[in-house]
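*Asks:* Using only what follows, build the 3D model:
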Amino acid sequence: MNKSFTYPCGCSFKVLEEREDGQHRIDVNFTLENIPLDCARTWKMFSDGNVKGIFQLENQGRICKEVKPENISQLSAICAIIRPGCSEAMRDGKSITQHYIDRKNGVEEVEYFHPALEHILEDTFGEMIYQEQAMRVAQDIAGFDMQQADILRKAIGKKNPQLMAEVKTEFLEGCDSQDIVNKEEAEEIFSWIEKSQRYSFNKSHSVSYATNAYLTAYSKAHFPRGFITSYLNFAHEKPKPFIETYQLIQNARSMNIDVQLPSLERMNTHFVLENRIIYFGLSDIKSIGEKVVGRIQREASKVGKPVADWSWVDFLVLFSQSVPSTAIKNMISTGAVTTGKLSRTNRLYEYDVYTQLTEREHKAVVKKHLAAPYKSLEDILADMLEGETGRNHMISSDKRATKIQGLLKSLKNPSHTMEDSPSWISSAEERLLGISITYSAVDACDIGAANCNCQEFVAGFNGRGGVIMLPAKIDSVKEIKTKSGQNPGRKMGFLSVSDTSGSCEIVVFPDPWEQYSGFLCEDNTVMLTGKRGRENNSLIAEKIWQL
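*Replies:* Residues are numbered from 1 along each chain as shown. So this is what the prediction gives:
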């Protein structure tokens, strides 16, 4: 087969197999040596801030959106300006990080302070962000040899103030001797180097990081479903697996990638990608590890027919008693058990009723079910009560018969509703999977006034007359103090919010923050009213109310 699959960006991959479902299996054996470094699809991913899972940069979406890198050099610069050496070093009231961003975007004029620095700093828009740049400056204008320049590097890298002070003396003496810059200029230039003591990055690492970041972004840009699936399967290795799972799935939703619940019928252990849909694995349910999944798979094979052909009674009688109770309850609660037409609440209730049978009674039920299958749990209990009691019968004593009668009565007249509420399903899935797939906490609220969801907002929806009304759950809150404006020093905030369609960012300026911050906390559900920000990627909240 000599066919190839070509993306709009021009990247082309050899098709190894064409499948009946319309999907292709393609050759993805690309390396750093053979992938194009000018792929528009990949660079757009950085510019959009879609960097979840991207090496070194997955928490730097805002910086990537602001810089909008166009090549490896600029991506390398991002890896450097997020370090304290740039983000904490201030000049003229703003950080070196912000100076770089503003210069790259033409907001601030690019200046080199002195002509002797231009050839050293031109790739970074006149900003000194790498250790190597400091070394080169010292060599060019202070006459440092390689050994002296390396001592300067150590002073920066090891954050050694005493060593830096010694180097400063040599630097100023060298500048005086070279006579390229005057004393005041030498003092100013060295002050830049001193500020980088807080941890200026070295370019060799930064370029390596950027190259690997590009490779992972290239993979994600062209094979997003496989990329997300793979990362989900490593989420359990993170310090907070459920948070990682949540973030990855919200990222998938923002890319229109469908993620679905685990399934006993599918019987996959880990996350899998099938027909362009990502499915949870059984081991991704809380308290169900790989060993338990192995046991589930073995016991399921003993039933004698595919899970898809099981009745609910088959599940109860032939399977559930051989698997740990926690696993059974968690599979039911997350929707992994789909045999029959009962609600999840009803399944849990019937499972609890059935587990109150003794082992002897269970064995008798299994024997009769295999000979003539029962249609419901109610039929099982009624059949048990129709027979005589005694050692050779299904029910051993009159006392047990009274117990079975009580179980049948509770089955016919349950003490609570058997319906699944959206809030219960949302809570159960979030507790056991790390994220609610079927519903969001928002779905349990009155959202009749809404005109937009997160996915629609990200896609560009502007509401009625530019006014957006977005119901969402708050995932994170960041409070800051303003540094400029009419009233510097006032508090404002940034929110990350979500629903079942995806997630988006909210900006709350000082006045509404002062009015509404009392209920702007994680996991709360709110209605946000406002307009799209100038950068077109965040909602500027004007009014907020509790749902």
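
*Asks:* Return the residues in contact with Arg225.
*Replies:* Counting by CB atoms under 8 Å, 6 or more residues apart in numbering, Arg225 touches 252, 257, 273, 276, 278. Any C-beta I mention is one placed from the backbone N, CA and C, and that applies to glycine too.

*Asks:* If we use 10 Å, what do you get?
*Replies:* 23, 252, 255, 257-259, 273, 276-278 (CB atoms under 10 Å, 6 or more residues apart in numbering).

*Asks:* do the same with Ala449
*Replies:* 469, 471, 527, 529, 545, 547.

*Asks:* tell me the pLDDT at it?
*Replies:* pLDDT for Ala449: 81.

*Asks:* Check the one 4 residues further on too.
*Replies:* Predicted confidence (pLDDT) at Asn453: the value is 89.

*Asks:* How about it, nearest residue that isn't a chain neighbour?
*Replies:* Using CB to CB, 6 or more residues apart in numbering and skipping the chain neighbours, the partner closest in space to Asn453 is Ser501 (4.4 Å).

*Asks:* Just give me the neighbour total for the one you found.
*Replies:* Each residue near Ser501 was counted by other CB atoms under 10 Å, and the total is 21.

*Asks:* Roughly how far does it sit from Thr229?
*Replies:* 20 Å (CB to CB, to the nearest Å).

*Asks:* One more: Met394?
*Replies:* Separation of Met394 from Thr229 (CB to CB): 48 Å.

*Asks:* more neighbours, these two?
*Replies:* For Met394 versus Thr229, the count of surrounding residues by other CB under 10 Å is larger for Met394: 24 against 21.

*Asks:* residues touching the more buried one, list them.
*Replies:* 357, 360-361, 363-365, 367-368, 380, 383-388, 400-401, 404.

*Asks:* Break down the stretch 51-200 of the chain into its helices, ranges please.
*Replies:* 61-67, 72-81, 84-87, 96-104, 118-121, 131-142, 146-157, 161-178, 183-195 (DSSP state H, counting those that start in this stretch).

*Asks:* Output the contacting helices and strands for the first one.
*Replies:* The criterion is 3 or more CB pairs under 10 Å, 6 or more residues apart in numbering; DSSP states H and E, and the helices and strands that helix 61-67 contacts are helix 40-47, helix 72-81, helix 96-104, strand 502-508.

*Asks:* just the longest one next, same as before
*Replies:* For helix 161-178, the helices and strands in contact under the criterion 3+ CB pairs under 10 Å, 6+ apart are helix 131-142, helix 146-157, helix 183-195.

*Asks:* what's the answer for the fourth one, then?
*Replies:* In terms of contact count using 3+ CB pairs under 10 Å, 6+ apart, helix 96-104 is assigned the packing partners helix 61-67, helix 72-81, helix 84-87, strand 90-91, strand 94-95.

*Asks:* Can you give me the buried ones in the longest strand seen in the chain?
*Replies:* Ranked by residue count, the top strand of the chain under DSSP state E comes out as strand 468-481. The neighbour-count check on strand 468-481 (16 or more other CB atoms under 10 Å) flags 468-475, 477 as buried.

*Asks:* Out of those, flag the one nearest to Gln247.
*Replies:* Distance to Gln247, by CB to CB, is smallest for Asp475 among these, at 8.8 Å.

*Asks:* From Val497, how far off is that closest one?
*Replies:* 6 Å.

*Asks:* Then Lys543?
*Replies:* Lys543 sits 15 Å away from Val497, going by CB to CB.

*Asks:* Of those two, give the one with the bigger neighbour count.
*Replies:* Neighbour count, other CB under 10 Å: between Lys543 and Val497, Val497 has more, with 26 against 13.

*Asks:* Run through the residues that contact the nearest residue in space to Pro224 that is not next to it in sequence.
*Replies:* Spatially, and ignoring its direct neighbours in sequence, Pro224 is nearest to Met255 (5.4 Å; CB to CB, 6+ apart). By CB under 10 Å, 6+ apart, Met255 lies in contact with 45, 50, 52, 220, 224-225, 227-228, 455, 458, 502.

*Asks:* Next, give phi and psi for Met255.
*Replies:* Main-chain dihedrals, Met255, degrees, to the nearest 10: phi -100, psi 20.

*Asks:* any idea how far it is from Ala77?
*Replies:* Taken as CB to CB, the span from Met255 to Ala77 is 26 Å.

*Asks:* Then Ser219?
*Replies:* For Ser219, the distance to Ala77 (CB to CB) stands at 22 Å.
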